[in-house]
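**Q** Sequence first, predicted model second:
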Protein chains: 2
Amino acid sequence: MREEATAFVPGHITGFFSAHPDDDPTKAGSRGAGLTLTDGVEVTVEPAADGESTVVLDGDELEIDPVETVLETLEAPARVEAESELPLGSGFGVSGAMALGTALAANHVFERKLSANELVTIAHGAEVQAGTGLGDVVAQAHGGAPIRLEPGGPLENKLDAIPQRARVEYVSFGELSTADVLSGETDRLSAAGKQALSRVVEEPTLLSFMYASRMFAREAELVTEQVARTIGDVTDVEGQASMAMLGETVFALGTGLSDAGYEPTVCATHPAGAMLK
Amino acid sequence: MREEATAFVPGHITGFFSAHPDDDPTKAGSRGAGLTLTDGVEVTVEPAADGESTVVLDGDELEIDPVETVLETLEAPARVEAESELPLGSGFGVSGAMALGTALAANHVFERKLSANELVTIAHGAEVQAGTGLGDVVAQAHGGAPIRLEPGGPLENKLDAIPQRARVEYVSFGELSTADVLSGETDRLSAAGKQALSRVVEEPTLLSFMYASRMFAREAELVTEQVARTIGDVTDVEGQASMAMLGETVFALGTGLSDAGYEPTVCATHPAGAMLK
(Lines give C-alpha, C1' and ligand atoms only; values in the text may rest on other atoms or scores of the structure.)
Protein backbone atom coordinates (compact mmCIF):
# COMPACT_ATOMS: atom_id res chain seq x y z
CA MET A 1 0.00 0.00 0.00
CA ARG A 2 1.29 3.47 -0.90
CA GLU A 3 1.05 6.41 1.49
CA GLU A 4 -1.00 8.64 -0.77
CA ALA A 5 -1.73 9.56 -4.37
CA THR A 6 -3.15 12.66 -6.05
CA ALA A 7 -5.20 12.88 -9.23
CA PHE A 8 -6.22 15.94 -11.25
CA VAL A 9 -9.60 15.86 -12.96
CA PRO A 10 -10.60 18.66 -15.35
CA GLY A 11 -13.92 20.41 -14.84
CA HIS A 12 -16.62 19.70 -17.44
CA ILE A 13 -19.30 22.02 -18.75
CA THR A 14 -22.14 20.24 -20.53
CA GLY A 15 -23.62 22.33 -23.33
CA PHE A 16 -26.56 20.00 -24.05
CA PHE A 17 -27.62 16.44 -23.31
CA SER A 18 -30.32 13.82 -23.51
CA ALA A 19 -30.94 11.49 -20.54
CA HIS A 20 -30.80 7.72 -21.07
CA PRO A 21 -31.87 5.82 -17.95
CA ASP A 22 -31.09 2.13 -17.48
CA ASP A 23 -31.42 -0.23 -14.51
CA ASP A 24 -27.68 -0.88 -14.80
CA PRO A 25 -25.90 2.35 -13.78
CA THR A 26 -22.87 1.47 -15.93
CA LYS A 27 -25.18 1.45 -18.99
CA ALA A 28 -27.27 4.49 -18.03
CA GLY A 29 -25.98 7.93 -18.92
CA SER A 30 -26.42 10.70 -21.40
CA ARG A 31 -25.65 11.70 -24.96
CA GLY A 32 -24.44 15.25 -25.48
CA ALA A 33 -21.38 17.43 -25.78
CA GLY A 34 -19.32 19.70 -23.58
CA LEU A 35 -15.98 21.27 -22.80
CA THR A 36 -13.45 19.95 -20.29
CA LEU A 37 -11.61 22.74 -18.47
CA THR A 38 -8.09 23.46 -17.26
CA ASP A 39 -9.85 24.51 -14.03
CA GLY A 40 -10.61 21.32 -12.16
CA VAL A 41 -10.34 19.32 -8.98
CA GLU A 42 -7.25 17.87 -7.31
CA VAL A 43 -8.08 14.79 -5.26
CA THR A 44 -5.67 13.25 -2.74
CA VAL A 45 -6.36 9.84 -1.24
CA GLU A 46 -4.65 8.30 1.76
CA PRO A 47 -5.65 5.20 3.75
CA ALA A 48 -8.03 6.07 6.60
CA ALA A 49 -6.19 5.94 9.92
CA ASP A 50 -9.14 4.28 11.69
CA GLY A 51 -10.75 2.45 8.74
CA GLU A 52 -13.51 5.09 8.47
CA SER A 53 -13.70 7.01 5.18
CA THR A 54 -13.93 10.80 5.26
CA VAL A 55 -14.29 13.31 2.44
CA VAL A 56 -13.02 16.89 2.65
CA LEU A 57 -13.62 19.49 -0.08
CA ASP A 58 -11.76 22.80 0.22
CA GLY A 59 -11.30 22.25 3.94
CA ASP A 60 -14.91 21.28 4.76
CA GLU A 61 -15.84 17.72 5.63
CA LEU A 62 -18.95 16.67 3.72
CA GLU A 63 -20.80 13.67 2.31
CA ILE A 64 -20.53 13.10 -1.41
CA ASP A 65 -22.40 9.90 -2.27
CA PRO A 66 -20.53 8.97 -5.45
CA VAL A 67 -17.17 9.27 -3.67
CA GLU A 68 -18.33 6.96 -0.89
CA THR A 69 -19.65 4.44 -3.43
CA VAL A 70 -16.30 4.46 -5.24
CA LEU A 71 -14.38 3.81 -2.01
CA GLU A 72 -16.75 0.97 -1.06
CA THR A 73 -16.44 -0.62 -4.51
CA LEU A 74 -12.64 -0.51 -4.34
CA GLU A 75 -12.72 -1.74 -0.71
CA ALA A 76 -10.57 1.26 0.10
CA PRO A 77 -11.38 3.02 3.37
CA ALA A 78 -9.67 6.37 2.89
CA ARG A 79 -9.35 10.01 3.74
CA VAL A 80 -10.18 11.91 0.53
CA GLU A 81 -9.05 15.52 0.41
CA ALA A 82 -10.04 17.60 -2.59
CA GLU A 83 -9.19 21.14 -3.67
CA SER A 84 -11.51 22.54 -6.32
CA GLU A 85 -11.03 25.57 -8.52
CA LEU A 86 -14.72 25.29 -9.39
CA PRO A 87 -17.91 25.70 -7.31
CA LEU A 88 -20.00 22.61 -6.46
CA GLY A 89 -23.53 22.36 -7.89
CA SER A 90 -23.00 24.95 -10.60
CA GLY A 91 -22.63 22.78 -13.68
CA PHE A 92 -18.88 22.07 -13.68
CA GLY A 93 -18.98 18.36 -12.91
CA VAL A 94 -17.29 18.74 -9.51
CA SER A 95 -19.01 15.66 -8.04
CA GLY A 96 -18.00 13.61 -11.09
CA ALA A 97 -14.44 14.89 -10.75
CA MET A 98 -14.40 13.91 -7.07
CA ALA A 99 -15.63 10.40 -7.93
CA LEU A 100 -13.18 9.90 -10.81
CA GLY A 101 -10.22 11.40 -8.99
CA THR A 102 -10.96 9.19 -5.98
CA ALA A 103 -11.10 6.10 -8.22
CA LEU A 104 -7.76 6.87 -9.90
CA ALA A 105 -5.94 7.78 -6.70
CA ALA A 106 -7.42 4.98 -4.55
CA ASN A 107 -6.55 2.39 -7.20
CA HIS A 108 -2.95 3.58 -6.96
CA VAL A 109 -2.75 3.81 -3.16
CA PHE A 110 -4.44 0.48 -2.49
CA GLU A 111 -2.76 -1.20 -5.49
CA ARG A 112 -6.07 -2.50 -6.84
CA LYS A 113 -4.57 -3.00 -10.33
CA LEU A 114 -7.68 -1.98 -12.25
CA SER A 115 -7.54 -0.58 -15.78
CA ALA A 116 -8.51 2.95 -16.78
CA ASN A 117 -11.82 1.74 -18.25
CA GLU A 118 -12.64 -0.19 -15.08
CA LEU A 119 -11.98 2.86 -12.89
CA VAL A 120 -14.03 5.16 -15.12
CA THR A 121 -16.86 2.61 -15.13
CA ILE A 122 -16.90 2.53 -11.31
CA ALA A 123 -16.90 6.33 -11.02
CA HIS A 124 -19.55 6.74 -13.74
CA GLY A 125 -21.80 4.12 -12.16
CA ALA A 126 -21.45 5.74 -8.73
CA GLU A 127 -22.34 9.17 -10.15
CA VAL A 128 -25.38 7.85 -12.02
CA GLN A 129 -26.60 5.94 -8.95
CA ALA A 130 -26.34 9.10 -6.84
CA GLY A 131 -28.24 11.09 -9.49
CA THR A 132 -25.59 13.82 -9.47
CA GLY A 133 -24.61 13.47 -13.14
CA LEU A 134 -24.99 11.34 -16.27
CA GLY A 135 -22.07 12.17 -18.52
CA ASP A 136 -19.45 14.22 -16.70
CA VAL A 137 -17.24 11.31 -15.64
CA VAL A 138 -16.72 9.81 -19.11
CA ALA A 139 -16.12 13.30 -20.53
CA GLN A 140 -13.62 14.12 -17.78
CA ALA A 141 -11.77 10.87 -18.44
CA HIS A 142 -11.48 11.85 -22.12
CA GLY A 143 -10.48 15.53 -22.02
CA GLY A 144 -10.80 18.08 -24.84
CA ALA A 145 -14.29 18.83 -26.16
CA PRO A 146 -15.96 15.40 -26.01
CA ILE A 147 -19.06 14.43 -27.96
CA ARG A 148 -20.97 11.63 -26.22
CA LEU A 149 -22.52 9.70 -29.11
CA GLU A 150 -23.78 6.79 -27.02
CA PRO A 151 -24.57 6.83 -23.29
CA GLY A 152 -23.00 4.83 -20.49
CA GLY A 153 -19.62 3.96 -19.05
CA PRO A 154 -16.57 3.29 -21.25
CA LEU A 155 -17.51 -0.35 -21.87
CA GLU A 156 -20.83 0.74 -23.38
CA ASN A 157 -20.52 4.23 -24.75
CA LYS A 158 -19.14 5.78 -27.91
CA LEU A 159 -17.22 9.05 -27.82
CA ASP A 160 -15.97 11.46 -30.45
CA ALA A 161 -14.58 14.97 -29.99
CA ILE A 162 -14.40 18.41 -31.55
CA PRO A 163 -10.74 18.73 -32.62
CA GLN A 164 -10.29 22.34 -31.48
CA ARG A 165 -9.07 24.17 -28.39
CA ALA A 166 -10.32 27.44 -26.92
CA ARG A 167 -9.98 29.96 -24.16
CA VAL A 168 -13.09 29.67 -21.98
CA GLU A 169 -14.63 32.28 -19.68
CA TYR A 170 -17.39 31.69 -17.12
CA VAL A 171 -19.48 33.41 -14.46
CA SER A 172 -21.57 31.59 -11.90
CA PHE A 173 -24.72 33.09 -10.37
CA GLY A 174 -25.74 30.14 -8.22
CA GLU A 175 -26.64 26.49 -7.96
CA LEU A 176 -29.20 24.30 -9.67
CA SER A 177 -29.86 20.77 -8.40
CA THR A 178 -28.94 18.24 -11.08
CA ALA A 179 -30.80 15.57 -9.11
CA ASP A 180 -34.00 17.68 -9.10
CA VAL A 181 -33.93 18.29 -12.85
CA LEU A 182 -33.01 14.70 -13.70
CA SER A 183 -35.69 13.23 -11.44
CA GLY A 184 -38.36 15.39 -13.11
CA GLU A 185 -39.90 15.09 -16.59
CA THR A 186 -36.98 14.86 -19.05
CA ASP A 187 -38.80 14.08 -22.34
CA ARG A 188 -38.78 17.61 -23.69
CA LEU A 189 -35.20 18.12 -22.58
CA SER A 190 -34.04 14.87 -24.19
CA ALA A 191 -35.78 15.66 -27.48
CA ALA A 192 -33.98 19.01 -27.57
CA GLY A 193 -30.71 17.27 -26.65
CA LYS A 194 -30.97 14.83 -29.54
CA GLN A 195 -31.60 17.64 -32.00
CA ALA A 196 -28.57 19.54 -30.69
CA LEU A 197 -26.41 16.43 -31.00
CA SER A 198 -27.37 15.90 -34.66
CA ARG A 199 -26.26 19.42 -35.40
CA VAL A 200 -22.85 18.97 -33.75
CA VAL A 201 -22.29 15.55 -35.35
CA GLU A 202 -23.00 17.13 -38.72
CA GLU A 203 -20.55 19.95 -38.05
CA PRO A 204 -18.18 19.16 -35.16
CA THR A 205 -16.85 22.68 -34.56
CA LEU A 206 -16.89 24.82 -31.40
CA LEU A 207 -19.06 27.39 -33.13
CA SER A 208 -21.76 24.87 -33.98
CA PHE A 209 -21.46 23.46 -30.43
CA MET A 210 -22.20 26.89 -28.94
CA TYR A 211 -25.13 27.39 -31.29
CA ALA A 212 -26.58 23.96 -30.49
CA SER A 213 -26.10 24.58 -26.76
CA ARG A 214 -28.05 27.85 -26.86
CA MET A 215 -30.89 26.22 -28.82
CA PHE A 216 -30.98 23.40 -26.25
CA ALA A 217 -31.02 25.72 -23.23
CA ARG A 218 -33.94 27.63 -24.70
CA GLU A 219 -35.98 24.62 -25.80
CA ALA A 220 -35.40 22.70 -22.59
CA GLU A 221 -36.70 25.74 -20.66
CA LEU A 222 -33.81 25.66 -18.19
CA VAL A 223 -32.61 29.25 -18.68
CA THR A 224 -33.08 31.54 -15.68
CA GLU A 225 -33.68 35.25 -16.15
CA GLN A 226 -30.12 36.11 -15.09
CA VAL A 227 -28.63 33.53 -17.45
CA ALA A 228 -30.76 34.73 -20.37
CA ARG A 229 -29.71 38.32 -19.79
CA THR A 230 -26.01 37.42 -19.63
CA ILE A 231 -26.11 35.28 -22.78
CA GLY A 232 -27.90 38.19 -24.47
CA ASP A 233 -25.18 40.60 -23.35
CA VAL A 234 -22.49 38.39 -24.89
CA THR A 235 -24.49 38.02 -28.11
CA ASP A 236 -24.80 41.82 -28.27
CA VAL A 237 -20.99 42.11 -28.51
CA GLU A 238 -20.92 39.29 -31.10
CA GLY A 239 -19.59 36.72 -28.64
CA GLN A 240 -20.56 33.08 -28.15
CA ALA A 241 -22.07 32.12 -24.80
CA SER A 242 -24.43 29.52 -23.38
CA MET A 243 -25.53 27.96 -20.08
CA ALA A 244 -23.65 25.20 -18.22
CA MET A 245 -25.91 22.19 -17.66
CA LEU A 246 -26.88 22.11 -14.83
CA GLY A 247 -25.98 25.28 -12.96
CA GLU A 248 -26.83 28.95 -13.00
CA THR A 249 -23.61 29.47 -14.91
CA VAL A 250 -22.83 31.14 -18.23
CA PHE A 251 -19.73 30.16 -20.22
CA ALA A 252 -18.29 31.82 -23.31
CA LEU A 253 -15.58 31.17 -25.88
CA GLY A 254 -12.62 33.53 -26.11
CA THR A 255 -13.29 36.91 -24.52
CA GLY A 256 -17.09 36.85 -24.87
CA LEU A 257 -17.94 37.66 -21.26
CA SER A 258 -15.11 40.18 -20.76
CA ASP A 259 -16.13 41.99 -23.93
CA ALA A 260 -19.67 42.23 -22.54
CA GLY A 261 -18.37 43.93 -19.38
CA TYR A 262 -18.42 40.96 -16.99
CA GLU A 263 -15.50 39.89 -14.78
CA PRO A 264 -15.39 36.22 -15.62
CA THR A 265 -13.02 33.49 -14.46
CA VAL A 266 -10.72 32.59 -17.34
CA CYS A 267 -9.48 29.11 -18.22
CA ALA A 268 -9.23 26.95 -21.37
CA THR A 269 -10.24 23.59 -22.72
CA HIS A 270 -8.10 20.84 -21.15
CA PRO A 271 -6.29 18.72 -23.74
CA ALA A 272 -5.96 15.65 -21.50
CA GLY A 273 -8.37 13.58 -19.48
CA ALA A 274 -8.10 12.91 -15.75
CA MET A 275 -4.62 11.85 -14.62
CA LEU A 276 -2.54 10.86 -11.65
CA LYS A 277 -0.11 13.60 -10.69
CA MET B 1 -8.86 29.24 -44.95
CA ARG B 2 -6.44 29.92 -42.11
CA GLU B 3 -2.77 30.77 -42.69
CA GLU B 4 -1.32 27.84 -40.76
CA ALA B 5 -1.88 25.50 -37.85
CA THR B 6 0.45 23.41 -35.70
CA ALA B 7 -0.27 20.11 -33.97
CA PHE B 8 1.80 18.22 -31.40
CA VAL B 9 1.70 14.43 -31.51
CA PRO B 10 3.38 12.38 -28.77
CA GLY B 11 5.80 9.66 -29.74
CA HIS B 12 4.63 6.08 -29.18
CA ILE B 13 6.68 3.05 -28.19
CA THR B 14 4.92 -0.25 -28.81
CA GLY B 15 5.91 -2.91 -26.27
CA PHE B 16 4.13 -5.79 -28.02
CA PHE B 17 1.50 -6.32 -30.69
CA SER B 18 -0.36 -8.77 -32.89
CA ALA B 19 -1.07 -7.90 -36.54
CA HIS B 20 -4.66 -7.94 -37.83
CA PRO B 21 -4.81 -7.42 -41.60
CA ASP B 22 -8.04 -6.45 -43.35
CA ASP B 23 -8.82 -5.32 -46.89
CA ASP B 24 -10.27 -2.14 -45.41
CA PRO B 25 -7.34 -0.14 -43.97
CA THR B 26 -9.63 1.56 -41.42
CA LYS B 27 -10.47 -1.91 -40.02
CA ALA B 28 -6.95 -3.36 -40.22
CA GLY B 29 -4.53 -2.69 -37.39
CA SER B 30 -3.02 -4.27 -34.34
CA ARG B 31 -3.79 -5.28 -30.80
CA GLY B 32 -1.12 -4.51 -28.22
CA ALA B 33 0.08 -1.97 -25.69
CA GLY B 34 2.60 0.83 -25.50
CA LEU B 35 3.65 4.13 -23.99
CA THR B 36 3.02 7.56 -25.51
CA LEU B 37 5.88 9.98 -24.87
CA THR B 38 6.33 13.65 -24.02
CA ASP B 39 8.97 13.57 -26.78
CA GLY B 40 7.08 13.81 -30.03
CA VAL B 41 6.58 15.57 -33.33
CA GLU B 42 5.36 19.10 -34.00
CA VAL B 43 3.66 19.38 -37.38
CA THR B 44 2.87 22.71 -39.05
CA VAL B 45 0.61 22.86 -42.10
CA GLU B 46 0.16 25.81 -44.44
CA PRO B 47 -1.56 25.89 -47.83
CA ALA B 48 0.88 25.10 -50.66
CA ALA B 49 1.78 28.25 -52.56
CA ASP B 50 1.64 26.49 -55.94
CA GLY B 51 -0.88 23.74 -55.14
CA GLU B 52 1.90 21.11 -54.88
CA SER B 53 2.26 19.38 -51.50
CA THR B 54 5.70 19.15 -49.89
CA VAL B 55 6.82 17.47 -46.67
CA VAL B 56 9.82 18.64 -44.66
CA LEU B 57 11.09 16.79 -41.57
CA ASP B 58 13.78 18.51 -39.49
CA GLY B 59 14.76 20.66 -42.47
CA ASP B 60 14.96 17.86 -45.05
CA GLU B 61 12.36 17.50 -47.78
CA LEU B 62 11.27 13.88 -48.07
CA GLU B 63 8.39 11.64 -49.13
CA ILE B 64 6.28 10.17 -46.37
CA ASP B 65 3.46 8.18 -47.98
CA PRO B 66 0.91 8.38 -45.14
CA VAL B 67 1.26 12.17 -45.00
CA GLU B 68 0.61 12.47 -48.70
CA THR B 69 -2.42 10.19 -48.45
CA VAL B 70 -3.84 12.32 -45.62
CA LEU B 71 -3.45 15.52 -47.65
CA GLU B 72 -5.08 13.92 -50.69
CA THR B 73 -7.99 12.61 -48.61
CA LEU B 74 -8.59 16.05 -47.11
CA GLU B 75 -8.14 17.68 -50.54
CA ALA B 76 -5.59 19.91 -48.88
CA PRO B 77 -2.49 20.69 -50.97
CA ALA B 78 -0.08 21.90 -48.31
CA ARG B 79 3.43 22.51 -47.15
CA VAL B 80 3.95 20.26 -44.11
CA GLU B 81 6.87 21.13 -41.87
CA ALA B 82 7.67 18.84 -38.97
CA GLU B 83 10.17 19.01 -36.14
CA SER B 84 10.78 15.71 -34.41
CA GLU B 85 12.46 15.06 -31.07
CA LEU B 86 12.57 11.37 -32.08
CA PRO B 87 14.44 9.52 -34.84
CA LEU B 88 12.48 8.12 -37.82
CA GLY B 89 12.38 4.33 -38.29
CA SER B 90 13.44 3.51 -34.74
CA GLY B 91 10.15 2.46 -33.17
CA PHE B 92 8.76 5.79 -31.95
CA GLY B 93 5.82 6.11 -34.33
CA VAL B 94 7.24 9.18 -36.10
CA SER B 95 5.47 8.38 -39.39
CA GLY B 96 2.18 7.91 -37.54
CA ALA B 97 2.75 11.19 -35.71
CA MET B 98 3.39 12.95 -39.03
CA ALA B 99 0.16 11.53 -40.49
CA LEU B 100 -1.97 12.37 -37.46
CA GLY B 101 -0.47 15.82 -36.94
CA THR B 102 -1.03 16.59 -40.62
CA ALA B 103 -4.67 15.49 -40.38
CA LEU B 104 -5.37 17.65 -37.30
CA ALA B 105 -3.58 20.73 -38.61
CA ALA B 106 -4.86 20.48 -42.20
CA ASN B 107 -8.45 20.07 -40.97
CA HIS B 108 -8.02 23.33 -39.10
CA VAL B 109 -6.26 25.28 -41.87
CA PHE B 110 -8.58 24.15 -44.66
CA GLU B 111 -11.67 24.28 -42.38
CA ARG B 112 -12.72 20.75 -43.32
CA LYS B 113 -14.94 20.46 -40.20
CA LEU B 114 -14.20 16.80 -39.54
CA SER B 115 -14.48 15.26 -36.07
CA ALA B 116 -11.55 13.86 -34.06
CA ASN B 117 -12.59 10.27 -34.86
CA GLU B 118 -12.81 11.05 -38.58
CA LEU B 119 -9.33 12.60 -38.60
CA VAL B 120 -7.80 9.71 -36.65
CA THR B 121 -9.50 7.24 -39.01
CA ILE B 122 -7.97 8.99 -42.03
CA ALA B 123 -4.47 9.05 -40.51
CA HIS B 124 -4.72 5.44 -39.30
CA GLY B 125 -5.93 4.22 -42.69
CA ALA B 126 -3.12 6.10 -44.47
CA GLU B 127 -0.50 4.59 -42.15
CA VAL B 128 -1.85 1.04 -42.58
CA GLN B 129 -2.01 1.43 -46.36
CA ALA B 130 1.62 2.57 -46.43
CA GLY B 131 2.66 -0.37 -44.23
CA THR B 132 4.56 1.94 -41.88
CA GLY B 133 2.52 1.11 -38.77
CA LEU B 134 -0.60 -0.62 -37.46
CA GLY B 135 -1.40 0.89 -34.10
CA ASP B 136 0.66 4.02 -33.47
CA VAL B 137 -1.92 6.50 -34.73
CA VAL B 138 -4.80 5.38 -32.49
CA ALA B 139 -2.43 5.20 -29.52
CA GLN B 140 -1.06 8.68 -30.24
CA ALA B 141 -4.59 10.07 -30.47
CA HIS B 142 -5.31 8.60 -27.02
CA GLY B 143 -2.21 9.47 -24.96
CA GLY B 144 -1.06 7.82 -21.72
CA ALA B 145 -0.26 4.11 -21.81
CA PRO B 146 -2.89 2.77 -24.20
CA ILE B 147 -3.95 -0.87 -24.42
CA ARG B 148 -5.31 -1.70 -27.87
CA LEU B 149 -7.92 -4.39 -27.17
CA GLU B 150 -9.37 -4.48 -30.68
CA PRO B 151 -7.62 -3.45 -33.91
CA GLY B 152 -8.55 -0.73 -36.37
CA GLY B 153 -9.38 2.95 -36.47
CA PRO B 154 -11.52 4.65 -33.80
CA LEU B 155 -14.82 3.60 -35.38
CA GLU B 156 -13.81 -0.07 -35.11
CA ASN B 157 -11.34 -0.50 -32.27
CA LYS B 158 -11.58 -0.77 -28.51
CA LEU B 159 -9.03 0.92 -26.25
CA ASP B 160 -8.25 0.76 -22.57
CA ALA B 161 -5.22 2.15 -20.71
CA ILE B 162 -2.86 1.53 -17.83
CA PRO B 163 -3.76 4.26 -15.30
CA GLN B 164 -0.18 5.14 -14.33
CA ARG B 165 2.50 7.61 -15.39
CA ALA B 166 6.26 7.13 -15.54
CA ARG B 167 9.58 8.66 -16.38
CA VAL B 168 10.86 6.92 -19.53
CA GLU B 169 14.44 6.57 -20.75
CA TYR B 170 15.54 5.33 -24.17
CA VAL B 171 18.60 4.67 -26.34
CA SER B 172 18.47 4.04 -30.05
CA PHE B 173 21.07 1.94 -31.87
CA GLY B 174 19.57 2.08 -35.34
CA GLU B 175 16.61 1.46 -37.60
CA LEU B 176 14.46 -1.56 -38.36
CA SER B 177 12.02 -1.49 -41.25
CA THR B 178 8.48 -1.88 -39.96
CA ALA B 179 7.30 -2.54 -43.52
CA ASP B 180 9.82 -5.42 -43.89
CA VAL B 181 8.78 -7.10 -40.64
CA LEU B 182 5.06 -6.63 -41.26
CA SER B 183 5.24 -7.93 -44.83
CA GLY B 184 7.00 -11.12 -43.63
CA GLU B 185 5.58 -14.08 -41.69
CA THR B 186 3.76 -12.62 -38.68
CA ASP B 187 2.05 -15.74 -37.23
CA ARG B 188 4.61 -16.41 -34.52
CA LEU B 189 4.81 -12.74 -33.66
CA SER B 190 1.02 -12.39 -33.42
CA ALA B 191 0.70 -15.48 -31.21
CA ALA B 192 3.27 -13.98 -28.82
CA GLY B 193 1.46 -10.62 -28.99
CA LYS B 194 -1.88 -12.14 -27.98
CA GLN B 195 -0.28 -13.89 -25.01
CA ALA B 196 1.34 -10.64 -23.89
CA LEU B 197 -1.99 -8.82 -24.20
CA SER B 198 -3.79 -11.36 -21.97
CA ARG B 199 -1.19 -10.77 -19.30
CA VAL B 200 -1.60 -6.97 -19.38
CA VAL B 201 -5.41 -7.18 -19.48
CA GLU B 202 -5.28 -9.39 -16.40
CA GLU B 203 -2.98 -6.96 -14.59
CA PRO B 204 -2.96 -3.51 -16.22
CA THR B 205 0.16 -2.11 -14.51
CA LEU B 206 3.37 -0.72 -16.01
CA LEU B 207 5.37 -3.50 -14.35
CA SER B 208 3.32 -6.23 -16.00
CA PHE B 209 3.50 -4.30 -19.30
CA MET B 210 7.31 -4.33 -19.18
CA TYR B 211 7.36 -8.03 -18.33
CA ALA B 212 4.94 -8.88 -21.16
CA SER B 213 6.95 -6.72 -23.58
CA ARG B 214 10.20 -8.56 -22.81
CA MET B 215 8.51 -11.96 -23.23
CA PHE B 216 7.12 -10.80 -26.57
CA ALA B 217 10.44 -9.47 -27.87
CA ARG B 218 12.11 -12.77 -27.05
CA GLU B 219 9.38 -15.02 -28.44
CA ALA B 220 8.90 -13.01 -31.61
CA GLU B 221 12.66 -13.31 -32.24
CA LEU B 222 13.06 -9.62 -33.00
CA VAL B 223 15.79 -8.85 -30.46
CA THR B 224 19.16 -7.91 -31.95
CA GLU B 225 22.39 -8.73 -30.10
CA GLN B 226 22.87 -5.09 -29.04
CA VAL B 227 19.29 -4.83 -27.76
CA ALA B 228 19.55 -8.10 -25.81
CA ARG B 229 22.79 -6.95 -24.17
CA THR B 230 21.30 -3.59 -23.15
CA ILE B 231 18.10 -5.10 -21.74
CA GLY B 232 20.34 -7.50 -19.81
CA ASP B 233 22.39 -4.63 -18.43
CA VAL B 234 19.24 -2.92 -17.13
CA THR B 235 17.96 -6.17 -15.62
CA ASP B 236 21.33 -6.58 -13.85
CA VAL B 237 20.72 -3.33 -11.93
CA GLU B 238 17.13 -4.41 -11.19
CA GLY B 239 15.63 -2.05 -13.75
CA GLN B 240 12.80 -2.63 -16.24
CA ALA B 241 13.65 -2.39 -19.95
CA SER B 242 12.42 -3.77 -23.24
CA MET B 243 12.63 -3.19 -27.00
CA ALA B 244 10.60 -0.61 -28.94
CA MET B 245 8.61 -2.30 -31.74
CA LEU B 246 9.91 -1.84 -34.35
CA GLY B 247 13.33 -0.25 -34.00
CA GLU B 248 16.74 -1.08 -32.61
CA THR B 249 15.75 0.88 -29.52
CA VAL B 250 15.68 -0.01 -25.83
CA PHE B 251 13.36 1.85 -23.45
CA ALA B 252 13.25 1.65 -19.66
CA LEU B 253 11.06 2.88 -16.82
CA GLY B 254 12.44 5.36 -14.29
CA THR B 255 16.24 5.44 -14.27
CA GLY B 256 16.81 1.91 -15.60
CA LEU B 257 19.21 2.82 -18.41
CA SER B 258 21.09 5.51 -16.46
CA ASP B 259 21.57 3.11 -13.56
CA ALA B 260 23.06 0.60 -16.02
CA GLY B 261 25.64 3.17 -17.16
CA TYR B 262 24.01 4.30 -20.43
CA GLU B 263 23.42 7.93 -21.41
CA PRO B 264 19.78 7.72 -22.42
CA THR B 265 17.38 10.39 -23.60
CA VAL B 266 14.90 11.12 -20.81
CA CYS B 267 11.20 11.86 -21.22
CA ALA B 268 7.93 10.67 -19.65
CA THR B 269 4.59 9.21 -20.58
CA HIS B 270 2.37 11.88 -22.18
CA PRO B 271 -0.95 12.32 -20.38
CA ALA B 272 -2.80 13.70 -23.42
CA GLY B 273 -3.30 12.54 -26.97
CA ALA B 274 -2.39 14.52 -30.09
CA MET B 275 -3.55 18.13 -29.99
CA LEU B 276 -3.61 21.37 -31.91
CA LYS B 277 -1.27 23.91 -30.36
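**A** Structure's in. What do you need?

**Q** what about the closest residue to chain B within chain A, how many residues close to it?
**A** Closest to chain B within chain A is A:Ala272: 3.3 Å, counting by CB to the nearest CB. Just so you know, the C-beta spots here come from the backbone N, C-alpha and C atoms, and that holds for glycine as well. Using other CB atoms under 10 Å in any protein chain shown, A:Ala272 has 19 neighbouring residues.

**Q** Hmm, it is touching B:Arg165, no?
**A** No: using CB atoms under 8 Å, A:Ala272 is not in contact with B:Arg165; the gap is 11.0 Å.

**Q** Can you check which residues contact both of the two?
**A** B:Pro271 (CB atoms under 8 Å, 6 or more residues apart in numbering or on different chains).

**Q** secondary structure class for A:Val250?
**A** When classified by DSSP: H, G, I helix; E, B strand; the rest coil, A:Val250 comes out as strand.

**Q** My read is that it contacts A:Ile231, right?
**A** Yes: checked against CB under 8 Å, the pair A:Val250 and A:Ile231 is within contact range at 5.9 Å.

**Q** Overlap in contacts, those two.
**A** Taking CB under 8 Å, 6+ apart as the criterion, A:Val250 and A:Ile231 both touch A:241-243.

**Q** out of those, who's nearest B:Glu221?
**A** Proximity of these to B:Glu221 (CB to CB) peaks at A:Ser242, which lies at 57.3 Å.

**Q** residue contacts, the closest residue to the closest one other than its chain neighbours?
**A** The shortest distance from A:Ser242 to any non-neighbouring residue, by CB to CB, 6 or more residues apart in numbering or on different chains, is to A:Ser213 (3.8 Å). Shown in contact with A:Ser213 (CB under 8 Å, 6+ apart): A:15-16, A:33, A:196, A:242-243.

**Q** Please list the members of those that lie in strands.
**A** A:15-16, A:33, A:242-243 (DSSP state E).

**Q** And the furthest pair within those residues?
**A** A:Ala33 and A:Met243 (13.8 Å).

**Q** Strands of chain A, residue ranges please.
**A** Going by DSSP E, chain A shows strands at A:5-20, A:29-47, A:54-57, A:60-61, A:78-84, A:146-150, A:158-161, A:167-174, A:241-243, A:248-253, A:265-268, A:275-276.

**Q** The first one packs against which elements?
**A** Which is strand A:5-20. Strand A:5-20 sits against strand A:29-47, helix A:94-109, helix A:136-142, helix A:187-202, helix A:206-219, strand A:275-276, with contacts defined as 3 or more CB pairs under 8 Å, 6 or more residues apart in numbering or on different chains; DSSP states H and E.

**Q** export the ones you listed to JSON lines and tack on mean pLDDT?
**A** Listed next are the helices and strands packed on strand A:5-20 as JSON lines, based on pLDDT from 0 to 100:
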{"stretch": "strand A:29-47", "mean pLDDT": "98"}
{"stretch": "helix A:94-109", "mean pLDDT": "98"}
{"stretch": "helix A:136-142", "mean pLDDT": "98"}
{"stretch": "helix A:187-202", "mean pLDDT": "95"}
{"stretch": "helix A:206-219", "mean pLDDT": "96"}
{"stretch": "strand A:275-276", "mean pLDDT": "96"}
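
**Q** Could you pick out the residues of chain A near chain B for me?
**A** Applying CB under 8 Å from any CB of the partner chain, we find that chain A lies next to chain B at A:104, A:107-108, A:113-117, A:119, A:143-144, A:147, A:154, A:160-165, A:201, A:203-205, A:271-273, A:275-276.

**Q** Mind checking which of those residues are buried?
**A** A:104, A:107-108, A:113-117, A:119, A:143-144, A:147, A:154, A:160-165, A:201, A:204-205, A:271-273, A:275-276 (16 or more other CB atoms under 10 Å in any protein chain shown).

**Q** Okay, buried residues for the worst-scoring helix or strand of chain A on mean pLDDT please.
**A** Using mean pLDDT, DSSP states H and E, the weakest-scoring helix or strand in chain A turns out to be helix A:178-183, at a mean of 72. Buried residues in helix A:178-183, defined by neighbour count with 16+ other CB under 10 Å: A:178, A:181-182.
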